[in-house]
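Peer 1: here you go, sequence then predicted model.
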Amino acid sequence: MRRWFVLALLTAIATYLLELLEVDAAALFAGLVVAGALAIAGFAPRRRSAPREADDADPADDSAPPAIPRPAMLAAQGVLGVYIGTMADPETLSGLGSSWIPVLAIGLGTLALSVIGGALLGLHRLVDPLTGSLALVAGGASGLVALTRELGGDERMVAVIQYLRVALVTITIPLVASVVFDAQSSNATVPSPSGGDQAWGLLLLAVGLGIGIPVGRLIHLPAAGLLGPMAVATIAELTGLAGDAAVSTILLTVAYAVIGWQAGLGFTMDRLRAIGRVLPAALVLILAIGVGCALLGVLLSAWTGESMFDCYLATTPGGIYAVLAAATAAGSNVAFVVAAQILRVLLMLFVAPFAARAAARRLVR
């Protein structure tokens, strides 16, 4: 219990500091880093299945029982899935107007770039094809980390590379906005949901977990713990049944932390060194995908007639809060930009698991 307390306390402190820096999904990143540091230091909590195993277990053994109980991990995935599903607000998506077909086509182009980049990363001797594909999917970093283990990939590798992508995108957005488009950035604030909205959110969460996970397993949906509740929440939002339901900020923060812990507690020095050797190749591919997305933004601008800056923001592969800040400060078409970003995230999380599996099978053959 002492180790769990230290893990929770350090994660809370790190989350607070990262939120001051406006890091997306701060609790997930904090949980990943803190749990990884404690695991490497040999001070991480571990869950053992039997007393004899407790005596013989190797803290650096990847086959040891995971520290996070499976029900807790499923609950965390479900919370995140419902939260992402509530983004599919019809009023927000209506900001696309008649441009939803071009935006959807460009989103599929982004997915294709991600899969190609992932396939190239999967050629690295230290990366399996499935992990490579998931690590470079351009969107939904927290969701991808949550579902990687369920799909059979290395969630530690995916977590590090995904958050490297998020960090690079978040840093470059204000630079590109000011240098290329002469636009100024500002801090964008997201209003906290009301108590009534959070109460509806609890009901939606209960329905999402109670129906989404069993049905997802029944139809063999990959990563049913995340995608099942996400599908239920998305349908509820699009049909208006969800109303103004919102997931509690506290629940979401805890879910992020649990998902970060699950990945972080599996770190060892050997695995950290392996990831370090993969990062140069991953960095090159991330930059290449970013350039490819910018070119897709040029195509989207020509297709829809929206400004080049708005389409750059709409196709940026991540950093939605940085995107919102830049769009708001520049007086851009915020509705179009945010709707395009949300559609991209939903597309990546719903389609990417199937695309990653298909690409991995083809590479293995």
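Peer 2: Perfect, thanks for sending it.
Peer 1: which element follows the helix or strand bottoming out on mean pLDDT in the chain toward the C-terminus?
Peer 2: When the helices and strands of the chain are scored by mean pLDDT, DSSP states H and E, helix 51-56 comes last with a mean of 39. Downstream of helix 51-56, the first helix or strand assigned by DSSP states H and E is helix 70-85.
Peer 1: that following helix: which residues count as buried?
Peer 2: Within helix 70-85, the residues that count as buried by 16 or more other CB atoms under 10 Å are 72-85. Where you see a C-beta, it was placed from the backbone N, CA and C, and this is true even at glycine.
Peer 1: now swap in stretch 1-8 and tell me
Peer 2: Neighbour counts over stretch 1-8 (16+ other CB under 10 Å) mark 7-8 as buried.
Peer 1: one more: stretch 115-126?
Peer 2: By 16+ other CB under 10 Å, the buried positions in stretch 115-126 come out as 115-122, 124, 126.
Peer 1: so which residues of the stretch 151-300 of the chain form helices?
Peer 2: Listed in chain order, the helices of the stretch 151-300 of the chain (DSSP state H, counting those that start in this stretch) span 155-179, 195-207, 213-218, 224-239, 249-264, 269-304.
Peer 1: quick one, which of those gets closest to G107.
Peer 2: Of all those, it is helix 269-304 that lies closest to G107, at 9.0 Å by CB to CB.
Peer 1: pull out the buried residues from that closest one.
Peer 2: Buried residues in helix 269-304 (16+ other CB under 10 Å): 271, 274-275, 278, 281-282, 285-286, 289-290, 292-294, 296-297, 300-301, 304.
Peer 1: hang on, the earlier thing: just curious, which of the buried residues of helix 70-85 is nearest to Q341?
Peer 2: Using CB to CB, the buried residues of helix 70-85 come closest to Q341 at I84, 12.3 Å.
Peer 1: hmm, that closest one is touching M348, no?
Peer 2: No - the pair I84 / M348 is not scored as a contact, 10.3 Å apart, by CB atoms under 8 Å.
Peer 1: what is in contact with the two at once?
Peer 2: Taking CB atoms under 8 Å, 6 or more residues apart in numbering as the criterion, I84 and M348 both touch G140.
Peer 1: residue ranges with poor pLDDT in this protein?
Peer 2: 46-67, 183-192, 359-360, 362-365 (pLDDT under 70).
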